[in-house]
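Undergrad: I'd like to go over a predicted model; first the sequence, then the structure.
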Amino acid sequence: MRAFIGIDFNRDIKAEMFRIQQFYRTHAKQGRWKYPGNFHLTLKFLNEITDEQKAAIDEKMTGTCGHCKPFYLYPDKAGMFESRDNVRVLWLGLGGDTEKLDLLQKAVSGKLCEIGFPCDKREFAPHITIGQDVMFKKDFDKTKQIEYGIKQFGETIDKLYLFKSEQKGNKRVYTKISEYDFAKL
C-alpha cells in the first residue's frame, strides 16, 4: 500500500484552511482543489510498503513519539511552489512551535532510514497543500496581498499517524491506519 507519516488536524483547523482555500479559489482561473478532509502535514512519504514494513514502522514510530512532547501549530501564511513542468502547488505554511516540528520530522526521518526507507535529501518545508495546477487571474503576489484574514488559532499536536493513500474513482483518499501518541504532559 502507498503510505506516509503525517499530522492530521481537527475539524476547526480544516474549516479555517477550507475558508482560506475558497478565498484563493475565487481568485483563480483554474486549479485542482484538495478535499478539506485530506488536509494534512506530511512528515515522511514512504511510497509503497508491505505488511512487514508496516510492523517495523509501527515499532519505530511508537518509540519515537513516546519521547515527544505535544506542541502547538496554526496556519499562518500561503505560498506557491512552481516547477519546470508548470505544476503549481498552492500551500499553507504553519506557525507556532515550528522548531519542535522540525526536530520531530528529523527524528521520524532518521528512525525510518534505520529500517531501510530513503533518507531525506531535501530540507523539510512544512506545508499543507490546498490546491494543485493553480493559475491565478492576477499575479499570485498581488492576490496574496489581498487580506484573507488567517486567524491565529490552531491546535496542540499530540500524535502522528501512518496514512494509507489510495485512489477511489477520481478522488485521492487518505485513511489513518496507525496512530502514535506523544508522551503525556
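TA: The structure has been received and is ready for your questions.

Undergrad: make it CA atoms for all contacts and neighbour counts henceforth
TA: Fine.

Undergrad: any idea how far the helix or strand of the chain with the lowest mean pLDDT is from the chain center?
TA: Using mean pLDDT, DSSP states H and E, helix 140-145 stands out as the lowest-scoring helix or strand of the chain, at a mean of 82. Once both centres are worked out by CA atoms, centre = their mean, to the nearest Å, helix 140-145 turns out to sit 23 Å from its chain's centre.

Undergrad: then stretch 88-96?
TA: The chain centroid and the centroid of stretch 88-96 are separated by 9 Å, computed with CA atoms, centre = their mean.

Undergrad: touching that stretch from outside, list them.
TA: Outside stretch 88-96, the residues that touch it by CA atoms under 8 Å, 6 or more residues apart in numbering are 17, 72-82, 126-135.

Undergrad: for residue 135, give me its contacts.
TA: By CA under 8 Å, 6+ apart, residue 135 lies in contact with 28, 29, 30, 31, 88.

Undergrad: give me the three-state assignment for it.
TA: Put simply, residue 135 is strand when judged by DSSP: H, G, I helix; E, B strand; the rest coil.

Undergrad: coming back round to it: for the very next helix or strand once past the least confident helix or strand of the chain, packing partners?
TA: Using DSSP states H and E, the helix or strand that directly follows helix 140-145 along the chain is strand 155-157. Packed against strand 155-157, as judged by 3 or more CA pairs under 8 Å, 6 or more residues apart in numbering; DSSP states H and E, are the following elements: strand 71-82.

Undergrad: just checking: what are the partner strands of the strand it packs on?
TA: According to DSSP bridges, strand 71-82 forms sheet pairs with strand 88-96 (antiparallel), strand 155-157 (antiparallel).

Undergrad: burial of residue 136, as a residue count?
TA: A count of nearby residues for residue 136, using other CA atoms under 10 Å, gives 17.

Undergrad: doesn't residue 26 make contact with it?
TA: No: counting by CA atoms under 8 Å, residue 136 does not reach residue 26; the two are 9.1 Å apart.

Undergrad: tell me the pLDDT of the spatially most central residue of the chain.
TA: Taking CA atoms, centre = their mean, the centroid of the chain lies closest to residue 41, which sits 1.5 Å from it. According to the prediction, residue 41 has pLDDT 97.

Undergrad: any idea which helix or strand comes after the strand or helix carrying it?
TA: In the assignment (DSSP H and E), residue 41 maps to strand 40-48. Using DSSP H and E, the next helix or strand after strand 40-48 towards the C-terminus is helix 51-65.

Undergrad: what about the chain, any weak spots by pLDDT?
TA: Counting by pLDDT under 70, the chain contains low-confidence ranges at 84-87, 147-152, 185.

Undergrad: if we can go back for a sec, what strands line up against the strand holding residue 41, and which way round?
TA: strand 2-8 (antiparallel).

Undergrad: between the partner strand and helix 51-65, how big is the angle?
TA: With axes from the mean of the first three to the mean of the last three CA atoms, to 10 degrees applied, the angle from strand 2-8 to helix 51-65 works out at 20 degrees.
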